Structure formats: C-alpha cells, structure tokens
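1. From the sequence below, what's the structure:
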Amino acid sequence: MVTFEIDDVTPAVEPLPTRPLGELVVGALAVGGDPNTPVVEPNGVHPLLGAVGRAFADHRRLVLTPDAVWLTIAQGLAQHIRLHAEELRPRLVRHAGRKRLTVAVDGPMPHDPNSWQEAVELFHKLLAAEIKDTGTNADLFECDFSTSTDVERVAGRIVMLDAYAPYFAVWMTFVCGIPSITLTGTVEDWQRIRARLDAVADLGPETWCRSLVPIADQFVRAATGDVDTAFWQRIYSPVDAYGGEVVTGWIARFYPYLTRHGAVAKPNPLLELPLDEPRDLTLDGMFYRGPGVRSDEVPTTLSRLVVHINDRVGGDNRAVALHAGLVGVGQDDDGSLRPVAGWHLASAAVEMDDVIDRIVRDHATTPAQSPDGLWFEGCADLVALYSRVGSATLFDGAWRLRPIAERRTVWRGHRAHSIAVVIDLADGRSLGAVDNSRTRTTHWVVCRVEEVPSDAAETNRPRRRLVDEPNEVPVYGTSLALLLDAALDSGGDIAHLETGRLDELDRGIA
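-> Predicted structure coming up:
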C-alpha cells in the first residue's frame with residue numbers, strides 16, 4: 001500500500017451522509033458481502049468515476065484498489081465482446097449459436113449468498129472448460145489480487161460470464177482536488193493488471209488499450225513509490241478546466257463505450273487523443289466545447305447474467321439474474337472514499353416482446369390477423385404472440401405455430417384439464433396450453449392428439465382425444481416466453497425444461 005500527496009488543498013473532515021449498501025438493491029434475493037456496508041448516497045454516476053469526482057470536488061482523500069480498477073476494465077471488455085460477438089466468436093468459442101451451461105442442484109432454488117457464490121464458481125468452471133482449447137485465458141477477468149475478497153472474486157467471475165453471454169445460456173436445474181490517493185494491494189497486483197492489458201488488446205480494443213497501458217504503468221510506478229504527481233493531478237480534470245461540465249482527466253478513459261440514446265455503444269472520444277490531451281481547455285463563450293466525457297454518459301449498469309431455473313421441486317421454470325460490478329462509493333473512518341464491489345441476485349423476466357422479435361427476425365412468419373379476428377381465450381404471452389404473428393415455422397419447419405383459426409382444444413372431462421393445441425412438432429406431437437381456471441394458471445405440455453371421426457348418433461362424443469397417457473405427457477412450466485426463448489437458443493430442444501407430468505396437474509383438480 002502506498003499513499004502520496006496530490007493537490008495542495010485542505011482535506012475535508014466532515015463525513016458525507018451514508019446509507020446501507022443493501023438499500024441500493026431493494027428487492028434483491030441475495031446480496032454478496034455485508035449489506036450493512038455504509039456507502040455514500042448514490043448520484044447516478046459510476047462508482048469509480050463518482051469516488052474520484054467527489055474526492056476531487058470536496059477535497060476528500062481517495063483510495064483505489066486493484067479490484068475496483070480491474071472490475072471497471074473487465075466490464076468495459078465485456079461490453080466490447082457483446083458489441084462484437086460474432087466477429088470475436090472464432091477466437092473465443094468453438095461452437096455456433098448459444099451453448100447451454102447447466103448446474104444441477106438438489107432441492108429448491110437457494111436464496112442465500114453462499115449458495116449463489118458456489119453456483120458462480122461452478123458456472124465459471126464450466127465456462128473455463130469450454131474455452132480451454134481456444135487459447136483464451138479463463139483467468140483474464142479474475143479479481144485475484146492481494147486485496148480481493150470473496151465479493152470481488154465472485155463479481156469478477158460474473159462479469160466474465162456476462163461477457164460470454166452471447167455464446168452461452170446459463171441454466172440451473174432444480175452478479176475540486178484530491179488531498180491524497182492510496183493504492184491498496186501489492187506491486188505485483190498492479191503489475192498483473194498491466195500484464196493483462198496485452199490480452200485485452202488482443203481481443204480487439206487496441207485504441208482503448210493505447211490509453212490504458214500508460215495509465216497502468218503509472219499505477220505500477222506509484223505502487224513502488226515512484227509517484228508522478230503531475231500525472232495523478234490530471235486524474236479527473238486539469239486545473240484550468242475546473243468549471244467544465246465534462247471530465248477530461250484520464251480516469252474517463254476507463255470506459256471504452258458511452259451511453260447515447262439509451263444504448264452503451266458510443267466510442268469514447270478521449271481514446272482518439274494522446275494521454276496528455278486535450279490541452280486546449282479554453283471556454284467557447286461560457287462553456288468548454290472540446291473533447292471530454294459527461295458523467296451521465298458513463299454506463300452505470302452492472303454486468304447482468306441471466307440464470308434460467310428449471311425448478312422440478314416447485315414445478316415451474318423461471319429466470320433470475322446475477323448482477324455484479326462496482327455498486328457504490330464507500331467511506332473510511334478518516335473520510336477517504338473508495339469504490340465498493342458487490343453482486344446480488346434478483347428476479348428476472350424473459351420478455352415476450354423480445355422473444356417475438358427473435359422469431360420475426362430469424363424465422364418465417366405471416367402477419368397477424370386484424371384485431372377483429374384476434375379474440376380467443378389464452379394467457380397473456382399467447383395473446384401477445386398472436387397480436388404480432390399470424391403463424392410461423394421455426395427450425396426449418398420442425399415447429400409450426402398454428403393460425404388462430406386452426407387452434408383446436410382437446411376436452412378431457414370435468415376431472416381432467418383440457419388442452420389447447422398451439423404448435424405442431426415434427427415428430428407428430430403438439431405443444432399445447434393447459435389452462436387451470438381455478439388457479440388462473442397456464443401450463444405448457446407436449447403430447448399426441450388425434451381427431452375422432454364424427455358420428456351423428458353420438459353428438460356428445462369429443463371430436464379430439466389425447467393419445468398419450470397423462471403420466472407420459474411432460475409439462476414444461478408456465479412461461480411461454482421462457483419456453484420459446486430456450487427453444488430458440490437450442491434449436492427446438494426443450495427437454496431440459498420439464499417440470500413434471502400431466503397426471504400431476506390432473507391430481508390438483510378438486
């Protein structure tokens with residue numbers, strides 16, 4: 001650890017108001033680390049940039065850890081991979097589409113942080129095994145410094161899994177001046193970050209790394225006690241640009257992509273300049289109009305890994321999401337500010353509109369019927385599907401979504417659920433909706449249905465019947481959106497979604 005003086009200002013002594021970290025993630029199912037960790041009231045700015053900015057503006061001491069710096073770089077790399085997923089595919093994986101990574105767990109879905117930490121470890125091992133033959137270092141995203149705790153280590157691995165999300169679906173069956181700067185960790189920690197930048201550059205963001213390399217070199221120098229004070233004074237904004245609305249200091253170069261029109265894809269303009277620029281910081285009228293980064297352009301979203309849950313204990317499929325990254329700005333007893341790493345588990349939803357977008361983009365569809373022809377009984381997901389698609393063929397004709405006019409219902413008597421046939425499958429079976437009017441729940445099943453020859457003398461005879469025995473009919477949960485999303489990922493294979501059998505649903509009828 002090393003502390004060095006930067007600006008000749010009087011350090012602030014009054015602490016900023018704080019709140020527990022857990023309050024920042026209201027509704028979280030699990031929180032990594034101590035949810036009572038005090039953090040400064042968030043202001044919508046990324047925690048690394050926010051800590052530097054507040055320390056700069058309030059004359060507060062600043063503490064930077066290898067973990068905070070590396071997590072920021074790792075999230076930038078993850079965003080780069082997502083934006084260039086197909087271009088980088090041959091270098092990062094050896095398969096087409098999205099491969100499924102599955103972890104099987106006995107019992108119901110856990111809600112405690114320790115269990116999810118173990119789950120992340122298992123997912124990380126599965127991913128590492130998948131990419132071991134690609135020449136990619138599975139440890140590239142690791143927070144494995146002398147300062148790293150379990151929180152940082154888990155956060156780093158969630159960021160890695162997020163980076164590879166275009167290639168893998170994750171399933172679980174059952175992330176105005178600074179008085180001084182303290183660099184924690186060892187010289188070796190900072191040297192490892194510097195060495196990793198060569199691997200980062202090898203994945204494509206050379207322009208970004210041209211800025212990061214000399215910055216990382218300065219971290220190594222300072223950690224050894226060789227402090228370039230002039231360099232560190234430019235961390236946020238040069239002295240003669242204190243009134244500007246943008247950040248022109250080198251800390252803004254940690255973000256390769258900025259937010260514009262709601263998407264994190266705008267290249268950072270500072271990366272096109274040498275590290276000691278911009279130099280011309282004069283104002284045009286009342287405002288500085290040169291290159292720089294507004295704090296509200298820096299993405300504040302955490303890395304997000306969707307984990308699909310096949311809950312055979314609870315009898316349904318669902319999705320949760322691990323969120324990870326820098327989650328807030330902590331405050332030490334002496335008033336020093338530091339970015340705080342964290343992760344949490346929250347519920348996630350597979351949006352039907354997103355699934356329909358994939359179907360329309362990648363498969364053959366016909367236009368939806370006019371609103372007058374749309375009336376039918378069905379769950380919200382099915383109504384949304386038919387409101388945009390009249391019919392569809394998926395997976396080279398292996399799946400066929402019936403038009404509304406061709407939908408048929410199998411009536412099975414008052415002590416058995418009826419089945420509405422929606423999609424025909426290549427093997428002669430059909431995907432059907434089982435509606436429970438008592439619970440207002442729809443389950444999805446795959447079964448064989450046949451037409452019964454009509455007989456004028458038997459007017460009460462059903463026109464269609466279920467060929468399979470109920471205990472042979474698999475049930476695939478209650479979410480059509482999740483079912484179709486998983487099918488689109490796997491070319492129509494939904495066997496891993498099974499949550500039970502139809503006879504179990506029938507037994508639930510009073």
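
2. any idea how far Ile178 is from the residue nearest the centre of the chain?
-> Among the residues of the chain, Arg304 comes closest to the average C-alpha position under CA atoms, centre = their mean, at 1.9 Å. For Arg304, the distance to Ile178 equals 32 Å [CB to CB, to the nearest Å]. C-betas here are computed from N, CA, C, even on glycine.

3. Kindly report the same for Ala263.
-> Taking CB to CB, one finds Ala263 at 32 Å from Ile178.

4. Look at these two and report which has more neighbours.
-> Between Ala263 and Ile178, counted using other CB atoms under 10 Å, the more crowded position is Ile178 (27 against 11).

5. tell me which element that one falls in.
-> Following DSSP states H and E, there is no helix or strand that holds Ile178.

6. And the one 10 residues further on, by the same measure?
-> Remark: Glu188 resides in helix 187-202, with elements defined by DSSP H and E.

7. Determine the set of other helices and strands touching that helix.
-> helix 66-83, helix 206-223 (3 or more CB pairs under 8 Å, 6 or more residues apart in numbering; DSSP states H and E).

8. that older thread, the helix or strand hosting the residue nearest to the centre of the chain: how far from the chain's middle?
-> Assigned by DSSP H and E, Arg304 belongs to strand 303-311. Put simply, strand 303-311 sits 9 Å off its chain's centre (CA atoms, centre = their mean, to the nearest Å).

9. One more: stretch 210-219?
-> Here stretch 210-219 is found 28 Å from its chain centre; the criterion is CA atoms, centre = their mean.

10. Over to stretch 321-330?
-> 12 Å.

11. how far away is Lys99 from His84?
-> 19 Å.

12. again, but for Gly76
-> Taking CB to CB, one finds Gly76 at 13 Å from His84.

13. likewise Trp411?
-> Counting by CB to CB - Trp411 and His84 are separated by 53 Å.

14. Over to Leu29?
-> The spacing between Leu29 and His84, counted by CB to CB, is 32 Å.

15. Could you do Arg408 as well?
-> Counting by CB to CB - Arg408 and His84 are separated by 46 Å.

16. again with Gly185
-> Applying CB to CB, the value for Gly185 to His84 is 31 Å.

17. Repeat that for Arg304.
-> Arg304 is 19 Å from His84, where distance means CB to CB.

18. got it, and Ala195?
-> 23 Å.

19. These two: which has the busier surroundings?
-> Each of Ala195 and His84 has its neighbours counted (other CB under 10 Å); His84 has more, 14 against 11.

20. tell me how far the ends of stretch 468-483 are from each other?
-> Using CA to CA, to the nearest Å, one end of stretch 468-483 lies 21 Å from the other.

21. got the contact list for it?
-> By CB atoms under 8 Å, 6 or more residues apart in numbering, the residues outside stretch 468-483 that reach it are 308, 315-319, 349-352, 355, 379, 381-382, 385, 416, 433-434, 441-448, 466, 494-495, 497-506.

22. Just the buried residues from these, in PyMOL please.
-> To isolate the buried subset of the contacts of stretch 468-483 in PyMOL, counting by 16 or more other CB atoms under 10 Å, use the following:
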select buried, resi 308+316+317+318+319+350+352+355+379+381+382+385+416+433+434+442+443+444+445+446+447+466+494+497+498+499+500+501+502+505+506
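
23. dump the residue contacts of Arg464.
-> Counting by CB under 8 Å, 6+ apart, Arg464 touches Arg408, Thr409, Val410, Trp411, Val449, Glu450, Glu451, Val452.

24. Show me which of these are buried.
-> Going by neighbour count (16+ other CB under 10 Å), the contacts of Arg464 have Thr409, Val410, Val449 buried.

25. On the pLDDT front, check the residue lying closest to Asp150 once chain neighbours are set aside for me.
-> Ranked by CB to CB, 6 or more residues apart in numbering and with sequence neighbours excluded, the top spatial neighbour of Asp150 is Gln117, at 6.3 Å. On the pLDDT scale, Gln117 is placed at 94.

26. Gln117 and His80, how far apart?
-> Taking CB to CB, one finds Gln117 at 27 Å from His80.

27. ok, now Pro299?
-> Applying CB to CB to Pro299 and His80 gives a distance of 12 Å.

28. got any residues that touch both of these two?
-> In contact with both Pro299 and His80: Tyr257, using CB under 8 Å, 6+ apart.

29. hey, where'd the helices end up in this structure?
-> 47-58, 66-83, 85-92, 113-131, 150-163, 187-202, 206-223, 229-233, 352-362, 380-388, 480-490, 502-507 (DSSP state H).
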